[in-house]
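Student: Let me see the structure of the following:
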Amino acid sequence: MTLDQQIVSAPSVESTTVAEMARFGSKVEIINREQIERAGPSADISRVLQMSVPGLYVAPKNGPFDYGTYSLLGGRNDDTLILLDGVRLNNRLYGGLYLDTLPANAIERIEVLKGGQSLLFGTQAVAGVINIVTRSAQTREASGEVNLGLDSFMGRSGNARAEKIFSNGFGDLGLLAYVSHNVSDGYQPYRSKDMSSTVSDKKRSYEVTTLGAKATQAFGDDSRLELFYQYADANLDFARPTHNRKTTNDRVQQIATATFEQRLSEQLSYFIKGHVNDWDTRYTRINNLPGGGTRVVNDNDYWGFTDWGVQAEGKAQLPGGHVLVFGSDNQWFKGQDDVLVIDNNKAQAHALYTQLRPVIDALPDWHPSIGVRHESMSGGDSATVGMLTSLYDLTDNWQLRGQFGTAYKLPNAEQLFVNEPGDEMGNRNLKPEKSRNAELGLDYKGALLDREFSASVTGFRRDITDLITLDGVQWTNGEGEINVRGVEADAKWQLDDRWNLSADMTRNLVESRNGVTLSNIPSFFARSRLGFESDDRMWGAGGAIRYIRDVVSSRDVDYGHYSVVDADAYRYLDSAHQHRVSLLVENLFDRDYATSMTTGSPQVENLGRPFTSEIRYTYRF
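Tutor: Predicted structure coming up:
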């Protein structure tokens, strides 16, 4: 069944800022719905990113719906800013990336903007930005889909979506709702020899339920309002290799956004966007004692945060075709932690920014931009950054792009105010971490041997000063400068009407100064995928391999050095494409490999997912 796409009239509410930057010299990767579905029935966002984004290293700690290690163009975990429909998800109190409860079935596409992007997006956009775009209603007839999945560890998944566009007295109203449920006993994420005899909970289980809805109301052809809400309830097991009887995170996360966008004239438009991200976790940890019995370390202890903010952005087309972007970004944060003592658990940050995108008549093939941003934060110093980007159309097939600018990362509340004597102490005098960023790339889009072919290569460099680091137990700004440089290359080739091939590789080089360095960044990683689709598109299959070279932990332990092979296939059961069966085989050769190192003593390896087969049935209506 083919559904005609019917977008609600009026300007798009989804953030267009990320995609627009590709027109001015920034590298943007778009992960579409087909690639998301290929990630398997139990996939979360981390799994999708792991399979699909050149230049991005992703290593989920213990399988789906868990914390992970992320590195984009040689960056650290919190050097990449995560957005949901343009709204910041990175928490400013703890600084982490929290993607482990975002279901893949709710996502329409993922936009990855590479390189330093603090100008338009603020703190933590040091290595890039990942914008997760949720689905919207697209048809006037009631439509949707139902998915049911099962894996070889008896993990079960199910999700459903329904949508419809109505007409009312104001204009078009698009309504969409979705639900998903994933549950699994999981696998043993440590080698048996690394587990103490007192461990009774040897697997890492999860149960995640998500409900979401989006309403989009158009007012004529020039304005519209979008409301989004998502509720996630997760019971996440935290496996540990020593003394573990029970360690769980019972979590409820609620995300709500409201966006109003209006086109006042052909020359002027704006949007106002508000959001709330509320996270509530109950943490329980019970140890087995060597002589028998148990000890309760944490009993339903609370930790959580609430972030809320308002962003306003305008776009004006000036005489001569020049475009001016200007905006204000205001964020407030508060939190509570019964485990980690933080003296001041509130923060706020306010920013003003502007960017000019000039048109130069004498150089019609040159598309530059230049801008500046100033941001201040309560309890810390302010930061001012600038950015210059450039895209030059060399020919119809070749483009030269580049960007240069400064980026920053404000200290979070933990780094400023943590108060755990003998373990971890904050520093109220921390300065923002600053970096100079440069990216230069060459893109080709055309043909190879008369078949569609595209390729790109990007060199990057990042010089970091005032590195925020833990010196023993004291948070401090490191002395000297850290240099990160590297190269990323990727290519896609349509071999014929049925076969296609894609590949990418990234080389990272990190140079330390005065003993301060960066950790958990792979020196080299690469991926390749070969795909096949039948002439009638009734079935298809593919295989992929990813290779990771050495990765060094914060305690100078070298891990990594592995390759993993995955395979996927699908088959439509009817010519209307309403019924489909798909299969994913992860770690086809059951490779034993480490995704990270534990933080306890002694350190042991967190193991990646072993051989796992997943089957999914899809019904679309």
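Student: Can you show me the helices along this protein?
Tutor: 17-20, 33-38, 45-52, 118-121, 413-417 (DSSP state H).
Student: Residue 395: neighbour count?
Tutor: 9 (other CB atoms under 10 Å). No exception for glycine: its C-beta is placed from N, CA and C like everyone else's.
Student: returning to that earlier point: could you look over the helices of the chain and pick the most buried one?
Tutor: Highest mean neighbour count of these: helix 118-121, a mean of 26 (counted as mean count of other CB atoms under 10 Å).
Student: Give me the helices and strands touching it, please.
Tutor: strand 346-357, strand 366-377, strand 383-393, strand 398-409 (3 or more CB pairs under 8 Å, 6 or more residues apart in numbering; DSSP states H and E).
Student: Now tell me what touches that helix from outside.
Tutor: 17, 21, 81, 83, 88, 125-126, 129, 325, 327, 353, 355, 371-373, 383, 385-387, 405-408 (CB atoms under 8 Å, 6 or more residues apart in numbering).
Student: Now whichever strand in the chain runs longest: buried residues?
Tutor: Selection of the longest strand in the chain by residue count, based on DSSP state E, yields strand 294-317. Applying a neighbour-count criterion of 16 or more other CB atoms under 10 Å, one finds 298, 303-307, 309, 311, 313-315, 317 buried in strand 294-317.
Student: now stretch 518-526
Tutor: For stretch 518-526, the neighbour count (16+ other CB under 10 Å) marks 518, 520-526 as buried.
Student: just stretch 196-208 next, same as before
Tutor: 198-199, 201, 204-208.
Student: follow-up on the earlier one: what's the closest of the helices and strands packed on helix 118-121 to residue 271?
Tutor: Closest to residue 271 of the helices and strands packed on helix 118-121, according to CB to CB: strand 346-357, at 14.4 Å.
Student: burial of residue 511, as a residue count?
Tutor: Neighbours of residue 511 (other CB under 10 Å): 12.
Student: Check residue 110 too.
Tutor: When neighbours are counted by other CB under 10 Å, residue 110 registers 23.
Student: For the nearest residue to residue 384 once chain neighbours are set aside, which residues are in contact?
Tutor: Leaving aside its sequence neighbours, residue 384 sits nearest to residue 374 (CB to CB, 6 or more residues apart in numbering; 4.7 Å). Counting by CB under 8 Å, 6+ apart, residue 374 makes contact with 351-353, 382-384.
Student: Can I have the buried ones of these as a ChimeraX selection?
Tutor: Only the buried entries of these go into this ChimeraX selection, using 16+ other CB under 10 Å:
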select :351,353,383
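Student: Could you dump the contacts of residue 374 into CSV and include distance to residue 401?
Tutor: Below are the contacts of residue 374 laid out as CSV (distance: CB to CB, whole Å):
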residue, distance to residue 401
351, 26
352, 27
353, 21
382, 30
383, 26
384, 25
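Student: farthest-separated two in the contacts of residue 374?
Tutor: Spanning the widest gap among the contacts of residue 374 are 353 and 382, at 13.2 Å by CB to CB.
Student: pretty sure residue 451 contacts residue 492?
Tutor: No: checked against CB atoms under 8 Å, the pair residue 451 and residue 492 is beyond contact range at 10.7 Å.
Student: Those two: which is more packed in?
Tutor: Taking residue 451 and residue 492 together and counting by other CB under 10 Å, residue 492 has the greater number of neighbours (17 against 13).
Student: Look up the pLDDT of the more buried one for me, please.
Tutor: Residue 492 is assigned 97 on the pLDDT scale.
Student: again with the one 3 residues further on
Tutor: If you check residue 495, the pLDDT there is 96.
Student: Looks like it contacts residue 501 (just checking).
Tutor: Yes: with contact defined as CB under 8 Å, residue 495 counts as touching residue 501 (5.9 Å).
Student: So which of the contacts of residue 374 is the closest to residue 27?
Tutor: residue 353 (20.8 Å).
Student: For that closest one, give the beta-bridge partners.
Tutor: When assigned by DSSP bridges, residue 353 has beta-bridge partners residue 327, residue 373.
Student: Isn't it up against residue 330?
Tutor: No: Residue 353 is beyond contact range of residue 330, at 11.9 Å (criterion: CB under 8 Å).
Student: Contact partners for residue 502?
Tutor: By CB under 8 Å, 6+ apart, the contact list for residue 502 reads 490-493, 528-529, 531.
Student: give me the low-pLDDT residue ranges for this structure?
Tutor: Within the chain, the segments meeting pLDDT under 70 span 1-15, 95-97, 379-380, 513-516.
Student: what residues are up against residue 605?
Tutor: By CB under 8 Å, 6+ apart, residue 605 lies in contact with 190-191, 194, 559, 594, 596-598.
Student: ok, residue 475 touching residue 468?
Tutor: Yes: using CB under 8 Å, residue 475 is in contact with residue 468, at 6.7 Å.
Student: Can you pull the phi/psi pair for residue 76?
Tutor: Per-residue torsions, residue 76: phi -90, psi 180 (degrees, to the nearest 10).
Student: what's around it, how many residues?
Tutor: Neighbour tally, residue 76, other CB under 10 Å: 20.
Student: does the nearest residue to residue 229 once chain neighbours are set aside have beta-bridge partners, and which?
Tutor: Leaving aside its chain neighbours, residue 229 sits nearest to residue 256 (4.8 Å; criterion: CB to CB, 6+ apart). Using DSSP bridges, the bridge partners assigned to residue 256 are residue 229, residue 276.
Student: isn't residue 256 right up against residue 276?
Tutor: Yes: proximity of residue 256 to residue 276 meets the contact threshold set by CB under 8 Å, at 4.9 Å.
Student: Against residue 48, how distant is residue 193?
Tutor: Noted for residue 193: a distance of 33 Å to residue 48, by CB to CB, to the nearest Å.
Student: again, but for residue 438
Tutor: Distance of residue 438 to residue 48, given as CB to CB: 29 Å.
Student: cool, residue 196 as well?
Tutor: Distance check for residue 196 against residue 48: by CB to CB, it reads 35 Å.
Student: One more: residue 161?
Tutor: To residue 48, residue 161 is 17 Å away according to CB to CB.
Student: Next: residue 453.
Tutor: Applying CB to CB, the value for residue 453 to residue 48 is 25 Å.
Student: The spatially closest residue to residue 301 that is not a sequence neighbour - how many residues pack around it?
Tutor: Using CB to CB, 6+ apart and skipping residues adjacent in sequence, the residue nearest residue 301 is residue 338, 4.2 Å away. Neighbour count of residue 338, defined by other CB under 10 Å: 14.
Student: Tell me the gap between stretch 590-609 and the middle of its chain.
Tutor: 22 Å (CA atoms, centre = their mean, to the nearest Å).
Student: and if you look at stretch 489-497?
Tutor: Distance, stretch centre to chain centre, for stretch 489-497: 25 Å (CA atoms, centre = their mean).
Student: in that stretch, what counts as buried?
Tutor: Buried, per 16+ other CB under 10 Å, within stretch 489-497: 489-495.
Student: which among those residues gets closest to residue 63?
Tutor: Among the buried residues of stretch 489-497, residue 490 lies closest to residue 63 (CB to CB), at 26.6 Å.
Student: Settle this for me: that closest one is touching residue 52, isn't it.
Tutor: No: at 11.0 Å, residue 490 does not count as touching residue 52 under the criterion of CB under 8 Å.
Student: where does the closest residue to residue 573 other than its chain neighbours sit relative to residue 148, distance-wise?
Tutor: Spatial nearest neighbour of residue 573, chain neighbours left out: residue 579 (4.0 Å); criterion: CB to CB, 6+ apart. Computed as CB to CB, the residue 579 to residue 148 distance reads 12 Å.
Student: tell me, what's touching these two both at once?
Tutor: With CB under 8 Å, 6+ apart, residue 579 and residue 148 have common neighbours residue 617.
Student: so how far is residue 107 from residue 139?
Tutor: Residue 139 is 18 Å from residue 107, by CB to CB.
Student: which of the two has more neighbours?
Tutor: residue 107 (19 against 16).
Student: Would you mind checking which of the contacts of residue 374 is nearest to residue 570?
Tutor: residue 353 (43.7 Å).
Student: That closest one: what's it in contact with?
Tutor: 119-120, 326-329, 371-374.
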